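A.B. asks: model this:
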Amino acid sequence: RPRGDGRPFNGGGAPDPDGKSPPGLDKGAVPGPAGNGKVVQVDEILSHPQALAQCRNYLAAHFPNATQRATTSTAEAAREVASRKGAKPFCAAIGTLRAAQLYGLSIIARDIQDVPENETRFILLARGKRAPRTGHDKTSIAFSTVRDRPGALYSILEEFAVRSINLTKIESRPTKRMLGEYIFFVDCEGHEDDPAVREAIKALEPKTSYIKILGSYPVNV
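C.D. replies: Purely as a prediction, here's the structure:
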């Protein structure tokens, strides 16, 4: 899976040729690329909000005064840094090695994520297309309970348990419509075309106020 930890890319900061901090360096500075002894100034750090959050400790330790700005993706952050080469304020991006290569950026630090095992999953979405069964699939489902009552969620999850369908993830997010109302996101083993999964989804319909099959895909995605 693509790593979501990212690396900070420098797109034209102010390296000092003598390996010393430039006069007036008041934001953030780190050793330059490839350990060349130069110091790179970074005034602004760009990335997707999730990547910024995953690298919070590193940024606090090395760039406590640098401005952080969210972008729509780590790739967009790299693209914007590349387009601003040499311009002030000096900026860097958190993203992937591939993005650095594509946009000709220098890597000033690697593996800066707070949790080394952290990974971010990226999924390609399309309308009207269903991934074929591979025999080793997962299905993602979103749903809301009919009403807030004891056992509402249990009765839904039971439909998977009685069919021996393993759940690999369950999360909840507020609907933002009413206090205490949530949307649940579930990943289960199996393809939506598998008989057991299809039966479980059918059994959920009268127990949910909202249900949507987000899709099925190979387990290694």
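
A.B. asks: Pull out the buried positions in stretch 151-167.
C.D. replies: Neighbour-count burial for stretch 151-167 flags 153, 156-157, 159-160, 163, 165 (criterion: 16 or more other Cβ atoms under 10 Å). To be clear about C-beta, it is placed using only N, CA and C from the backbone, and glycine gets the same treatment.

A.B. asks: err, stretch 137-146, not the other one
C.D. replies: Residues 137-145 are the ones in stretch 137-146 that count as buried (16+ other Cβ under 10 Å).

A.B. asks: same deal with stretch 104-124?
C.D. replies: 105-109, 112-113, 120.

A.B. asks: cool, stretch 203-214 as well?
C.D. replies: Buried residues in stretch 203-214 (16+ other Cβ under 10 Å): 203-204, 207-208.

A.B. asks: and of these, the nearest to Lys129?
C.D. replies: Nearest to Lys129, judged by Cβ to Cβ, of the buried residues of stretch 203-214 is Leu204 at 23.0 Å.

A.B. asks: would you say that closest one is within a helix?
C.D. replies: Yes - per DSSP: H, G, I helix; E, B strand; the rest coil, Leu204 lies within a helix segment.

A.B. asks: isn't it right up against Thr145?
C.D. replies: No - at 10.1 Å, Leu204 does not count as touching Thr145 under the criterion of Cβ atoms under 8 Å.

A.B. asks: Secondary structure, distance to Tyr58 and pLDDT added to the buried residues of stretch 151-167, as CSV?
C.D. replies: Formatted as CSV, those follow (DSSP: H, G, I helix; E, B strand; the rest coil; distance: Cβ to Cβ, whole Å; pLDDT from 0 to 100):
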residue, secondary structure, distance to Tyr58, pLDDT
Leu153, helix, 37, 91
Ile156, helix, 40, 94
Leu157, helix, 38, 95
Glu159, helix, 43, 96
Phe160, helix, 39, 97
Arg163, coil, 44, 97
Ile165, coil, 39, 97
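
A.B. asks: Good, we can wrap up now.
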